[in-house]
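K.L.:
next one to model:
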Amino acid sequence: MTPKTAPLAASRNAMWLHIFAGLCASLVSIGLARFAYTPLIPSLIQAHWFSAADVIYLGAANLIGYLIGALTGRPIAKRLSNSHTLRLMMLLVTASFFACAFPLSISWFFGWRLVSGIAGGAIMVLVAATVIPHVPAARKGLASGAIFLGVGVGIAGSGTIVPLLLSLGLHDAWIGLGFVALLLTALSWFGWPSREAAAAVATPAPEKTEKVQPLGAAMYLLFGQYALMAVGLVPAMVFLVDYITRGLGASAHVGALIWIMYGVGSILGPVVYGWLADRFGARPSIRLVLLVQAIAVSLLCVSSSYWVLALLAVIIGSFPPGIVPLALARVHELVPHHHQQQLAWSRATVSFATFQALAGYASSAIFNATGGSACAVVRDGECGDCHRPGGGPDHAAAGAADADRVKTGIPRQDVRGQASLQRDNSDPLERGLPAKHPDCCYLLNAE
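P.N.:
The predicted structure follows:
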């Protein structure tokens, strides 16, 4: 290595170290803190830690915390620096996992779920602004995809690690997630840019004196698009495993498998979407992705096979982490200067977080209003169990009984009086779903 190439190699190594730290941060704060909760929902209900309605509202606490974190992340970083704030937020997420292992009360659990969401929102606002300035312009899309790849890794990991940890018990599952988060926090601790490195890529002084230009109509359109994307991803993000297991009557194993497929999509999404942004531009890529996702969500409600559900889970799973590098790339296309890019991205994250929180609580309200029974959402329409409008009085009575059972965590029963959590011995992936099962409509109605 010549003296000229040594600084270049060192800079490249530092860049990948920063990206790795960003990946760990998104993995801990979003991939685990938010998405590991989804496969835990059935166990939280069945273990009687909380009622079904409370479990869903506790999940939504993370979303409202995300909004708070998106609003407060930059002010905190101005006092502590970006790197110190990111380290602190990862520690808070880690602490929340250990705290949630002890369900002392709903307020206790809600508070720590809120804290994990605050940390996630702050990290989402700061991580790209901290790492991307150290990446060459031609690689920014791919680098942002690599950073938010942590979300997908967390989703896929939660589909494999959580079931294993649950075999030890719900308490041990939370403790295990805490140790995973602690390990990732330690590994990434020295990977963040130093103050000197951050100062070296800061906005040059001449640009600081320039008048800040107002954001154009295209940027506000992006804010609106990003907010509506948040609404669209919440139902599957929160309810997919519960929809598969308690809604469609599949085993917990099948629910975990489909959640893993969702995680596979989440791993592919940031990298593929980031590549699309670099290759074709963010604007046409966003249009293409939205079209594909709309088709996938529609098919989710009419699919008749677990294999189809698994494939759709891959496509839908690519969306939550994948849209982040796309939106970030669009911000970079519309806003020329780094300082303005940070401001615009912060506002975009706030709009995303606001509508995500609203969608989370709206979905929770629907879930609570129906007593945890998806069939009640379409009670006035055709009900697949009896294939006639309204489902008949017997079916309505069964649905009311189901609502009472769900509130107490007791497995709900179908019209024939058989527990829906009982399974046959055949391979569930070889069995088709009823073509018009009432619960198939739940995600569409919620979305």
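K.L.:
in the one helix or strand Ala70 maps to, what counts as buried?
P.N.:
Using DSSP states H and E, Ala70 sits in helix 52-80. Neighbour-count burial for helix 52-80, counted by 16 or more other Cβ atoms under 10 Å, picks out 52-71, 73-74, 76-77. Placement of C-beta: from N, CA and C, glycine included.
K.L.:
what do you get for stretch 284-294?
P.N.:
Neighbour counts over stretch 284-294 (16+ other Cβ under 10 Å) mark Ser285, Ile286, Val289, Leu290, Gln293 as buried.
K.L.:
ok, now stretch 131-147?
P.N.:
131-135, 140-147.
K.L.:
and those residues as a markdown table, adding secondary structure?
P.N.:
Output for these, formatted as a markdown table (DSSP: H, G, I helix; E, B strand; the rest coil):
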| residue | secondary structure |
| --- | --- |
| Val131 | helix |
| Ile132 | helix |
| Pro133 | helix |
| His134 | helix |
| Val135 | coil |
| Lys140 | helix |
| Gly141 | helix |
| Leu142 | helix |
| Ala143 | helix |
| Ser144 | helix |
| Gly145 | helix |
| Ala146 | helix |
| Ile147 | helix |
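K.L.:
now the two most distant members of the residues you listed.
P.N.:
Across the buried residues of stretch 131-147, the longest distance by Cβ to Cβ is 16.5 Å; it joins Pro133 and Gly145.
K.L.:
for Pro320, give me its contacts.
P.N.:
Val151, Leu233, Met237, Ser266, Gly269 (Cβ atoms under 8 Å, 6 or more residues apart in numbering).
K.L.:
gap between it and Ala70?
P.N.:
Using Cβ to Cβ, to the nearest Å, one gets 15 Å for the distance from Pro320 to Ala70.
K.L.:
ok, now Phe190?
P.N.:
26 Å.
K.L.:
so the host helix or strand of Ser83 versus helix 52-80, what angle?
P.N.:
Assigned by DSSP H and E, Ser83 belongs to helix 82-100. Per axes from the mean of the first three to the mean of the last three Cα atoms, to 10 degrees, the angle that helix 82-100 makes with helix 52-80 is 150 degrees.
K.L.:
buried ones in helix 82-100?
P.N.:
82-83, 85-87, 89-100.
K.L.:
got the residue ranges for the helices in the stretch 101-250 of the chain?
P.N.:
Along the stretch 101-250 of the chain, counting by DSSP state H, counting those that start in this stretch, helices occupy 106-131, 140-166, 170-188, 195-200, 205-208, 217-242.
K.L.:
which one of those lies nearest to Val324?
P.N.:
Minimum separation from Val324 across these (Cβ to Cβ) falls at helix 140-166, 4.7 Å.
K.L.:
report the buried residues of that closest one.
P.N.:
140-159, 161-163, 165-166.
K.L.:
Ala256: which of the buried residues of stretch 284-294 is nearest?
P.N.:
Among those, and counting by Cβ to Cβ, the member closest to Ala256 is Gln293, at 23.2 Å.
K.L.:
just say helix, strand or coil for that closest one.
P.N.:
helix.
K.L.:
check the gap between the closest residue to it other than its chain neighbours and Ser107 for me.
P.N.:
Closest residue in space to Gln293, ignoring its immediate chain neighbours: Phe319 at 5.2 Å, by Cβ to Cβ, 6 or more residues apart in numbering. Distance, Phe319 to Ser107, using Cβ to Cβ: 33 Å.
K.L.:
the two: which is more packed in?
P.N.:
Remark: of Phe319 and Ser107, Phe319 carries more neighbours, 25 against 8, as counted by other Cβ atoms under 10 Å.
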